[in-house]
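In: Have a look at this prediction, sequence included:
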Amino acid sequence: MQIEKGTYHHGLQWLLLILAALWPALWLFVPYGLSPDGERGFGAGLVDDAYRGFFRVFLHVPHATTLEHPAALLAASVFVITVVAIVLVRLLIRRLDPLVHSLSALRWSARTIPCMVVWCCGLLAALGATAIWMSVSSGWLDNVVWVVTMVVVVLCFLAPIPLCLRRDIVNRDRPPAFWMPRWPGGGVIVVTAVLLALWLSIGAAEKWFEFGSMKAPAWTIALEEIASWLIGLVLMSALLVAWQRGWGPARLFSNRAVWADGLRLRTLAAVHLRIDGVLALLLVPPILILACYMIYIAPQIEQWFRMHPGPKLGLFHGSVNTIRFVVSFWWLSGGLFAWLYWTPAARASYLVDVIEGGGNE
């Protein structure tokens, strides 16, 4: 019975792996469905030419212009690369987090979805009221509305911190359906402000480095990204410890060994890798494909059909307008991503405290 159960679990893992790798591969065929053919397969031809250009420019494939089925070849390559990447990331996570605290934290954070939905609805209501205000305001009120909008955007990023890091919520075996923020103490607020300022400064320095090193070797940019990610991980660990134990700046600095602990950092890294992997797998393929489609293919199709009046293109125009509308509100996802990262990270940090006997300080 144990062998049969183990075989079933192993087979299910392989099935999920195959389905996960099929997701980005199948997205490569979406532009064909969005592109009306017109005459002689015009839309499909544009998509094929775009994929041939990818092989020629980025992969330096000789005679790429003669490829007959570039989408199928690219999809097969993406499928294999995705399978290898998932296997390597899983091995790395298993090495970082052998106690599987990161997975336990993610399962715990899934129970906070009702509170997250309520918070998102409140945020959207505030943004909707701001948008209505902007539509009817005039004169000097425009500047006031702009300031209010910026404040709402900042709150979009910061509000999950007092919600997700409440010590009495994180310490529960099962979170309540809904809860409110609570004042953690002046010292914790100071720590939060300082660490967020450091994080924003590092982010600005990272963008400056990327702008100034556009011609730098790829390995230097990769090292810079890894260094920035590791520094952000340490800052997150310090912030989580401050909220978990109610420490101010002086005590946090004098107990550096607590938030710089290897077990805590490895567990938080595993949490990040799990979330990064899922979000990258789910979001990167549609974002890249649709972005390339909207930039390189859709304008050519619109121009061609303006010059060649033909059948109605309600589906094409509807799809293009929907994509443009969704893209215009991409920044709203900032608060949602903050919740997705902070909640499991806070729970994972608490689990590490339980192991090390510091959870009740």
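Out: Great, that's in hand.
In: contacting residues for Cys115?
Out: Leu163, Pro175, Pro176, Ala177, Phe178, Trp179 (CB atoms under 8 Å, 6 or more residues apart in numbering). Any C-beta I mention is one placed from the backbone N, CA and C, and that applies to glycine too.
In: What separation do you get for it and Leu240?
Out: 19 Å (CB to CB, to the nearest Å).
In: If we ignore the residues flanking it in sequence, what's nearest Val118?
Out: Distances taken as CB to CB, 6 or more residues apart in numbering place Phe178 nearest to Val118, at 6.0 Å, with adjacent residues excluded.
In: Give me the secondary structure label for the one you found.
Out: coil (DSSP: H, G, I helix; E, B strand; the rest coil).
In: check contacts around it.
Out: By CB under 8 Å, 6+ apart, the residues touching Phe178 are Pro114, Cys115, Val118.
In: Quick check: which element contains the second one?
Out: Spelled out, it's Cys115. helix 113-136 (DSSP states H and E).
In: do the same with Asp49
Out: Using DSSP H and E, Asp49 falls within helix 42-57.
In: quick check: mean pLDDT across that helix?
Out: Computed over helix 42-57, the mean pLDDT rounds to 74.
In: and what of stretch 108-123?
Out: Stretch 108-123 comes out at a mean pLDDT of 85.
In: got it, and stretch 236-251?
Out: Stretch 236-251 comes out at a mean pLDDT of 91.
In: Equivalent analysis for stretch 255-271, please.
Out: Stretch 255-271 comes out at a mean pLDDT of 91.
In: Give me the residues contacting that stretch.
Out: 93, 96-97, 99, 101-102, 105-106, 233-234, 236-238, 240-242, 245, 247, 252, 341, 344-345, 348-349, 351-352, 355-356, 358.
In: Kindly export stretch 101-112 (C-alpha atoms) in CSV.
Out: Taking C-alpha atoms only, stretch 101-112 is exported to CSV below (Å, rounded to 0.1, in the frame of the first residue of the first chain):
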residue,chain,number,x,y,z
HIS,A,101,8.7,25.6,6.5
SER,A,102,8.3,27.6,3.4
LEU,A,103,5.5,25.3,2.1
SER,A,104,3.8,25.3,5.5
ALA,A,105,3.9,29.1,5.5
LEU,A,106,2.4,29.3,2.1
ARG,A,107,-0.4,26.9,3.1
TRP,A,108,-1.1,29.1,6.1
SER,A,109,-1.1,32.3,4.1
ALA,A,110,-3.7,30.8,1.7
ARG,A,111,-6.2,31.0,4.6
THR,A,112,-5.7,34.8,4.6
